[in-house]
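Novice: how does the following fold in three dimensions:
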Amino acid sequence: MAKKFIPYANESDVLHIGGLTVENRVDRITIAGDIDLTMDKAGLADTRALHKLLTDVLAKLESADLPDRLPPPAVQSVTNPF
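Specialist: So this is what the prediction gives:
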């Protein structure tokens, strides 16, 4: 059984839908890649998975007390190790 992807729950879960990679973070969901929602059973499965993901993300956002915008991430420079 596949582990359930719970939006904003951790910094480690990754979900693949077609050619999309969905990365979970505690303050954002990152979606990268591309997908063709084809007119076949595979396209239907990908569409359902994408719909479920976005429904779960929307529910989490709607239930949270959200700021107007997130502050920019803290950036730290490090010495080149090479």
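Novice: which parts of this structure are helices?
Specialist: Using DSSP state H, the helices of the chain run over 41-63.
Novice: shaky segments in it?
Specialist: Scanning the chain for pLDDT under 70 picks out 1-2.
Novice: show me where it has strands.
Specialist: Taking DSSP state E to define them, one finds strands in the chain at 14-17, 20-24, 29-33.
Novice: of all these, which one comes closest to L44?
Specialist: L44 sits nearest to strand 14-17 of all the strands of the chain, at 12.4 Å, using CB to CB. Just so you know, the C-beta spots here come from the backbone N, C-alpha and C atoms, and that holds for glycine as well.
Novice: one step back: let's have the strands of the chain in CSV, adding distance to F82 and mean neighbour count.
Specialist: Output for those, formatted as CSV (distance: least, CB to CB, whole Å; neighbours: other CB atoms under 10 Å):
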stretch, distance to F82, mean neighbour count
strand 14-17, 28, 15
strand 20-24, 27, 16
strand 29-33, 27, 13
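Novice: now render those as CSV, adding distance to G43.
Specialist: Formatted as CSV, these follow (distance: least, CB to CB, whole Å):
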stretch, distance to G43
strand 14-17, 11
strand 20-24, 13
strand 29-33, 16
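Novice: for L50, find the nearest of the ones you listed.
Specialist: strand 14-17 (5.4 Å).
Novice: CA atoms of that closest one as CSV?
Specialist: In CSV, the C-alpha atoms belonging to strand 14-17 read as follows (Å, rounded to 0.1, in the frame of the first residue of the first chain):
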residue,chain,number,x,y,z
VAL,A,14,7.5,13.0,-3.0
LEU,A,15,4.6,12.0,-5.3
HIS,A,16,4.8,11.2,-9.0
ILE,A,17,1.8,11.7,-11.3
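Novice: so what secondary structure elements neighbour it?
Specialist: Taking 3 or more CB pairs under 8 Å, 6 or more residues apart in numbering; DSSP states H and E as contact, the helices and strands that strand 14-17 lies on are strand 20-24, helix 41-63.
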